[in-house]
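Visitor: pasting the sequence and the predicted coordinates here, then a few questions.
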Amino acid sequence: MANKHIVTRFAPSPTGLLHAGNYRTAVFAYLFARQNKGKFVLRIEDTDRERSKKEYEENVIESLKWLGLEYDEFSRQSEKVAGHKKHLQNLIEKGFAYISHEEKDGKPSDVIRFKNPGTKVTFKDLIRGEITMDTTDLHDFVIAKNLEEPVWHLAVVIDDFEMGITHVIRGEDHISNTPRQILIQRAIGAPEPIYAHLPLVLAPDRTKLSKRKGALAISEYRDRGYLPEALLNFMALLGWNPGGEQEIFSLKELVEKFNIEKIQKGGAIFNEEKLKWFNEEYMKRLPEKEIGARVSAEFEKAGKKFDPHTAKKILPLIVDRISTFGEAKEIAQSGEFDFFENQPEYEIEKVLAKKEPSKTKTAERLSEVSKLLAGVSEAEWNQAEIKNAVWDYATKEGRGEVLWPLRVCLSGLDKSPDPFIIAEILGKTETLERIKVAIEKLHA
RNA sequence: GGCCCUAUCGUCUAAUGGUUAGGACAGAGCCUUCUCAAGGCUUAAAUCCGGGUUCGACUCCCGGUAGGGUCACCA
């Protein structure tokens, strides 16, 4: 049943970078709106002038853009004070609210309080069913500091009303705010929107995820080389699942399959490992050219540059090892792949095979390998041919006795890609040269 | 503490009264392999507890327990 009148909103306060906790709310509100061919609104809730910052507003905007969540309408709460004031005056005139003369921090301070009828309020939540709360203990709560400065509770209700928001999709931490907002709605004569209170995104300690708990900003995931599709896919499946065993969904599929009523009721821990897995999956689906460009960009950030020929060949080796592009930078910085460009430095004992750590034997074997490799022509100098040339001999001697010394003298490392691919990348001349150097050291 | 919400493998979840309780991530093992990574196969691992309702409960009801959220002139 497509409903053209559905309007949802994402209403963050610009008091910090947009992180996963808030972000998932945006995803669900977006999916719900798009699925129903409705409208998705971004509203910046900046009534707190002290804490709201322009840079955070920009961060929200660019994060949503990066993730591909387009909104149909944009507004700022601070620009709507005229409307708030009008409603406020009205509430006072009709006796729903009153100016109260009080003290704050020892100074006189007038505030506007809502005259609480003290009833029980019941509302229907799309995810949790009916929720009832007694509002008496709320007393006459504050709805504005003065006519010019409404408090959030009032501003939300008026904005939702004036923007025609039909579905309020927000975090579970707002459940207890709902009854008082409903009270205000009734006073101003606004229709009650349908509520959907989402379960919280949790830190590993099972408490609400927050910046303080180490939640990374969306923009930080971007900077660490995560793919937006991966983050989106991961977040959408945090607390919701279409059933079945599929894990990878495009935004389009998510919109089609989304079912707000199947959202989980309990909170979900944000699992970094699984996010990485999603990222790897999406990386695998990227065109080779793009992966190449991004990996080389990361290498350049680390101040490393390989000649284009080498770069192209080591690319697949790097891609195998990373789950985010940021890790390519780490590899570059670690110097792990420097041996492709420069002669490696290593203790000669390291080339000795584990089983038979004899210098003379090892030198003999390397000489034999050198001879065999010399027989491979430049034209045929590739991984497969190199392996072919050495394999039988290595098998005869014991592969570990031959291949370990070969690999170490080429790379200088305990752990590295296999010697055949290294040899291919180094080229015939350099390969033979490195073997020669090792043999000389063994004889020394 | 008051009020509110929640409860399936370690984690994310599937199964809306009848399944050997399924999948994914992480873990373990094996294969491949000179090493590392990747890949393939296999495996371990859960219905919070107690009462009902029912021929039959993960599923419905009640009570515990545990966890979380919220109690601002913040949003």
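Guide: Okay, I see it. Residues are numbered from 1 along each chain as shown, chains lettered A, B, ... in the order given.
Visitor: lowest-confidence helix or strand of chain A?
Guide: Counting by mean pLDDT, DSSP states H and E, chain A has its least confident helix or strand at helix A:308-321, which shows a mean of 88.
Visitor: which secondary structure elements does whatever helix or strand comes next after that one sit against?
Guide: Later in the chain than helix A:308-321, the nearest helix or strand by DSSP states H and E is helix A:326-334. Counting contacts by 3 or more CB pairs under 8 Å, 6 or more residues apart in numbering; DSSP states H and E, helix A:326-334 is packed against helix A:288-301, helix A:308-321. C-beta: built from backbone N, CA, C; applies to glycine.
Visitor: wait, which of the ones you listed is closest to RNA strand B?
Guide: Nearest to RNA strand B among the helices and strands packed on helix A:326-334 is helix A:308-321; the distance by CB to the nearest atom of the strand comes to 4.2 Å.
Visitor: export the closest one as CSV, just CAs?
Guide: Written as CSV, here are the backbone C-alpha positions of helix A:308-321 (Å, rounded to 0.1, in the frame of the first residue of the first chain):
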residue,chain,number,x,y,z
PRO,A,308,54.2,2.0,-12.3
HIS,A,309,55.2,-1.5,-13.5
THR,A,310,55.9,-2.7,-10.0
ALA,A,311,52.9,-0.9,-8.5
LYS,A,312,50.6,-2.7,-10.9
LYS,A,313,52.0,-6.1,-10.0
ILE,A,314,52.0,-5.7,-6.2
LEU,A,315,48.5,-4.4,-6.2
PRO,A,316,46.8,-7.7,-6.0
LEU,A,317,49.1,-8.8,-3.2
ILE,A,318,48.1,-5.7,-1.2
VAL,A,319,44.4,-6.1,-2.0
ASP,A,320,44.4,-9.6,-0.6
ARG,A,321,45.7,-8.3,2.7
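Visitor: which residues sit against that helix?
Guide: A:283, A:291-292, A:295-296, A:299, A:305-306, A:327-328, A:331, A:337, A:340-341, A:417, A:421, A:424-425 (CB atoms under 8 Å, 6 or more residues apart in numbering).
Visitor: selecting buried members of these in ChimeraX, what would you type?
Guide: To isolate the buried members of these in ChimeraX, using 16 or more other CB atoms under 10 Å:
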select /A:283,291,292,295,296,299,306,327,328,331,337,340,417,421,424,425
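Visitor: how about the helices in the stretch 51-200 of chain A?
Guide: A:54-67, A:81-93, A:152-162, A:178-188 (DSSP state H, counting those that start in this stretch).
Visitor: any idea which of the ones you listed is most buried?
Guide: Neighbour counts (mean count of other CB atoms under 10 Å) averaged over each of these peak at helix A:152-162, with a mean of 22.
Visitor: what's that one packed up against?
Guide: helix A:81-93, strand A:142-146, helix A:178-188.
Visitor: any low-confidence regions in chain A?
Guide: A:1-4 (pLDDT under 70).
Visitor: which residues of it fall in strands?
Guide: A:7-10, A:39-44, A:73-76, A:97-104, A:107-114, A:120-125, A:129-134, A:142-146, A:149-150, A:167-171, A:194-198, A:201-202, A:268-269 (DSSP state E).
Visitor: deepest of those strands, which one?
Guide: Buried most deeply of the strands of chain A, by mean count of other CB under 10 Å, is strand A:7-10, with a mean of 26.
Visitor: if we can go back for a sec, can you list the helices and strands packed on helix A:326-334 in CSV and add distance to A:Pro405?
Guide: Shown next, in CSV, are those (distance: least, CB to CB, whole Å):
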stretch, distance to A:Pro405
helix A:288-301, 29
helix A:308-321, 21
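Visitor: rebuild these as a markdown table, extending it with distance to RNA strand B.
Guide: Listed next are the helices and strands packed on helix A:326-334 as a markdown table, based on distance: least, CB to the nearest atom of the strand, whole Å:
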| stretch | distance to RNA strand B |
| --- | --- |
| helix A:288-301 | 14 |
| helix A:308-321 | 4 |
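Visitor: quick one, what contacts A:Thr362?
Guide: A:351-353, A:356, A:401, A:405, A:442.
Visitor: number of residues surrounding A:Ser78?
Guide: Burial of A:Ser78 is recorded as 16 neighbouring residues (other CB atoms under 10 Å).
Visitor: quickly list the domain ranges of chain A.
Guide: Domain assignment for chain A by automatic domain parsing gives A:7-74+A:201-280, A:288-339, A:348-443.
Visitor: now the residue of the stretch 251-400 of chain A found nearest RNA strand B: closest residue in space that isn't a chain neighbour?
Guide: For the stretch 251-400 of chain A, the residue closest to RNA strand B is A:Gly266, as judged by CB to the nearest atom of the strand, at 2.9 Å. Spatial nearest neighbour of A:Gly266, chain neighbours left out: A:Pro199 (5.6 Å); criterion: CB to CB, 6 or more residues apart in numbering.
Visitor: then A:Arg170?
Guide: A:Thr25 (5.9 Å).
Visitor: residues contacting the residue nearest to A:Tyr221 when sequence neighbours are not counted?
Guide: Distances taken as CB to CB, 6+ apart place A:Leu231 nearest to A:Tyr221, at 5.7 Å, with adjacent residues excluded. A:Leu231 is in contact with A:67, A:218, A:221, A:275, A:278-279, counting by CB under 8 Å, 6+ apart.
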